[in-house]
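A.B. asks: The following comprises the amino acid sequence and a computationally predicted model.
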6 protein chains.
Amino acid sequence: MHDPNATPIQLVPGNSLITKTPEEGRMLAIKMARLIIKVTQPDAAVRESLRSVYAEDAGMLIAIGQTVATEFATIAAANNYWK
Amino acid sequence: MHDPNATPIQLVPGNSLITKTPEEGRMLAIKMARLIIKVTQPDAAVRESLRSVYAEDAGMLIAIGQTVATEFATIAAANNYWK
Amino acid sequence: MHDPNATPIQLVPGNSLITKTPEEGRMLAIKMARLIIKVTQPDAAVRESLRSVYAEDAGMLIAIGQTVATEFATIAAANNYWK
Amino acid sequence: MHDPNATPIQLVPGNSLITKTPEEGRMLAIKMARLIIKVTQPDAAVRESLRSVYAEDAGMLIAIGQTVATEFATIAAANNYWK
Amino acid sequence: MHDPNATPIQLVPGNSLITKTPEEGRMLAIKMARLIIKVTQPDAAVRESLRSVYAEDAGMLIAIGQTVATEFATIAAANNYWK
Amino acid sequence: MHDPNATPIQLVPGNSLITKTPEEGRMLAIKMARLIIKVTQPDAAVRESLRSVYAEDAGMLIAIGQTVATEFATIAAANNYWK
């Protein structure tokens, strides 16, 4: 899914799963999910056009929620749930 | 999926995964799932129109259940299952 | 997904993930999955009409199985797998 | 998803997640997945008609595999992976 | 999903989740995912016809990847990640 | 899903789940997800044609994100979250 000729994209901002708070962990989960889409579809114009598709499609919004939940599960475990 | 110009949305209410009871944990899971949809589709009017779509679509209701189940798994682990 | 004006719905029957047996854990998983649908679609008549949709749709029945499996994973872990 | 008037269905055969071998664990995962479908659609004739649908639909066969994989993950953990 | 009259199919090759390497673990994950499809659709001719469907359908290929990833998660945990 | 006559494909690059950093772990997750597609559809020309399908389909991009998230969860656990 990665075009080797594309400008390298950082897939994990800060190259760490550790965050100070659950809120920051949640933001990281969203970013990581978005970056997989970016690396699979590197064309910003295409991504922008797709945004209007998924942002108005109930099923796709739910699916985004599922993906973010899965990413967040990993980040939360990495941070020992910020306990 | 996050519009940087939008008013910041708190993604984890209370900025903690710890809850007193499973019931409260379940409510948090629902809220966290909803907030991902909110941050992806910040327009309240659009979200409201989509609600009538997913609330009457059996497949989407099941998919919402899947997402909440995934969020809840993380919250339950964070709380050591309230044991 | 929660209508704040609706009668409160108990999301976790007994407010506990602990059950005596795997069988009871499985029943709890089914109930918890159903309650998310109930809280998202509080209208009993609509839910009843949707039941005839998903109960005769192979794909939706499989999806329900996926959701229950995910809920059950959490309940089973909470009970240390009833060992 | 459970019709309270239906004959009770045992959801976890043997009421235990413990099996002697991975092979038996895999069979239990298949049975548990099937029993959720049975409890959601108690009519055997309808289930039989749906079987011919999903058994010839590539997407549904893959989805069944996903559900069984999720059930099996729980059973495998319950058995400490038969180590 | 299992036809009791069919020739028994071994669901876990070698009846063990333990493999020497991650590579072998990955191969086991693929085999286990395929065997669930085989036990659900025992007719080899039907399975062969479905292969040409999913092998040329982007969405189904992604779904197969999801199922294998789930099986692999269990196998990897069983092997303590081959550390 | 594996054609036994095909040239063997290495499913886990380096035959290890251990990586130096989260970034490298994320890259491994993408590669592993792609390799399952490759082994299921060994024809490079077909895969290339499918790329233009999923790279412009919002739903499929989200599904790819889900698969990568699942693979990454395993890799992150294998590396003890790079802590």
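C.D. replies: Noted; the coordinates are in hand. Residues are numbered from 1 along each chain as shown, chains lettered A, B, ... in the order given.

A.B. asks: so where's chain A shaky on pLDDT?
C.D. replies: A:1-7 (pLDDT under 70).

A.B. asks: need the residues of chain A near chain B, please.
C.D. replies: When proximity is defined as Cβ under 8 Å from any Cβ of the partner chain, chain A approaches chain B at A:21-23, A:25-27, A:30, A:33-34, A:54-59, A:61-66, A:68-70, A:72-73, A:76-77, A:81-83. Backbone N, C-alpha and C define where each C-beta goes, glycine included.

A.B. asks: Just the buried residues out of these, in PyMOL syntax.
C.D. replies: Selection of buried members from those for PyMOL, criterion 16 or more other Cβ atoms under 10 Å in any protein chain shown:
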select buried, chain A and resi 22+23+25+26+27+30+33+34+54+55+56+57+58+59+61+62+63+64+65+66+68+69+70+72+73+76+77+81+82
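
A.B. asks: what about the longest helix in chain A?
C.D. replies: Across chain A, the longest stretch assigned as helix under DSSP state H is helix A:58-78.

A.B. asks: tell me the angle that helix makes with helix B:58-78.
C.D. replies: Angle, helix A:58-78 to helix B:58-78, by axes from the mean of the first three to the mean of the last three Cα atoms, to 10 degrees: 10 degrees.

A.B. asks: Check chain A and tell me which residue is nearest its centre.
C.D. replies: Nearest to the geometric centre of chain A sits A:Ala33, at 1.6 Å (Cα atoms, centre = their mean).

A.B. asks: ok, and it, which helix or strand is that part of?
C.D. replies: helix A:22-40 (DSSP states H and E).

A.B. asks: now the angle from that helix to helix F:22-40?
C.D. replies: 50 degrees.

A.B. asks: Buried residues in the helix or strand just after helix A:22-40, which are they?
C.D. replies: Next along the chain after helix A:22-40, taking DSSP H and E as the criterion, comes helix A:44-54. Using 16+ other Cβ under 10 Å as the test for burial, helix A:44-54 gives A:47, A:50-51, A:54.

A.B. asks: can you tell me which residues contact A:Thr67?
C.D. replies: A:33, F:62, F:65-66, F:69 (Cβ atoms under 8 Å, 6 or more residues apart in numbering or on different chains).

A.B. asks: Widest-spaced pair of these?
C.D. replies: Greatest spacing in these, by Cβ to Cβ: F:Ile62 and F:Ala69 (10.5 Å).

A.B. asks: contacting residues around A:Asn80?
C.D. replies: So A:Asn80 contacts nothing (Cβ under 8 Å, 6+ apart).

A.B. asks: Dihedrals phi and psi, it?
C.D. replies: phi 50, psi 40 (degrees, to the nearest 10).

A.B. asks: A:Glu56 now?
C.D. replies: phi -120, psi 20.

A.B. asks: That one: what's it in contact with?
C.D. replies: B:41, B:46, B:50.

A.B. asks: Chain C: which of those is nearest?
C.D. replies: B:Leu50 (11.1 Å; Cβ to the nearest Cβ).

A.B. asks: Contact partners for the closest residue to that closest one other than its chain neighbours?
C.D. replies: Distances taken as Cβ to Cβ, 6 or more residues apart in numbering or on different chains place A:Ala58 nearest to B:Leu50, at 4.3 Å, with adjacent residues excluded. Each residue near A:Ala58 by Cβ under 8 Å, 6+ apart is listed here: B:50-51, B:53-54, B:57, B:60.

A.B. asks: 7 Å instead, please
C.D. replies: Contact analysis of A:Ala58 by Cβ atoms under 7 Å, 6 or more residues apart in numbering or on different chains lists B:50, B:53-54, B:60.

A.B. asks: State the distance from A:Ile37 to chain F.
C.D. replies: Separation of A:Ile37 from chain F (Cβ to the nearest Cβ, to the nearest Å) stands at 5 Å.

A.B. asks: how near is the nearest residue to that residue once chain neighbours are set aside to E:Ser52?
C.D. replies: Of all residues not flanking A:Ile37 in the chain, F:Leu61 sits nearest, at 4.8 Å (Cβ to Cβ, 6+ apart). Counting by Cβ to Cβ, to the nearest Å, the gap from F:Leu61 to E:Ser52 is 25 Å.

A.B. asks: just A:Ile37 next, same as before
C.D. replies: Distance from A:Ile37 to E:Ser52, by Cβ to Cβ: 29 Å.

A.B. asks: go on, A:Gln41?
C.D. replies: 27 Å.

A.B. asks: Check A:Thr74 too.
C.D. replies: 36 Å.

A.B. asks: And for A:Arg34?
C.D. replies: 34 Å.

A.B. asks: what do you get for A:Thr70?
C.D. replies: For A:Thr70, the distance to E:Ser52 - Cβ to Cβ - is 31 Å.

A.B. asks: Also A:Asn80?
C.D. replies: In terms of Cβ to Cβ, A:Asn80 sits 47 Å off from E:Ser52.

A.B. asks: end-to-end on stretch A:40-49?
C.D. replies: 15 Å (Cα to Cα, to the nearest Å).

A.B. asks: Please state the offset of it from the chain centre?
C.D. replies: 15 Å (Cα atoms, centre = their mean, to the nearest Å).

A.B. asks: So it, near chain E or not?
C.D. replies: No - judged by Cβ under 7 Å from any Cβ of the partner chain, stretch A:40-49 makes no contact with chain E; its nearest approach is 10.6 Å.

A.B. asks: Do that stretch and chain F come into contact?
C.D. replies: Yes - using Cβ under 7 Å from any Cβ, we find that stretch A:40-49 touches chain F at A:40-41, A:46.

A.B. asks: Serialize those residues to a markdown table and add fields for distance to chain D.
C.D. replies: Conversion of those to a markdown table gives the following (distance: Cβ to the nearest Cβ, whole Å):
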| residue | distance to chain D |
| --- | --- |
| A:Thr40 | 20 |
| A:Gln41 | 23 |
| A:Val46 | 25 |
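
A.B. asks: is it true that A:Thr74 touches F:Thr74?
C.D. replies: No - contact criterion Cβ atoms under 7 Å: A:Thr74 and F:Thr74 do not qualify, at 9.3 Å.
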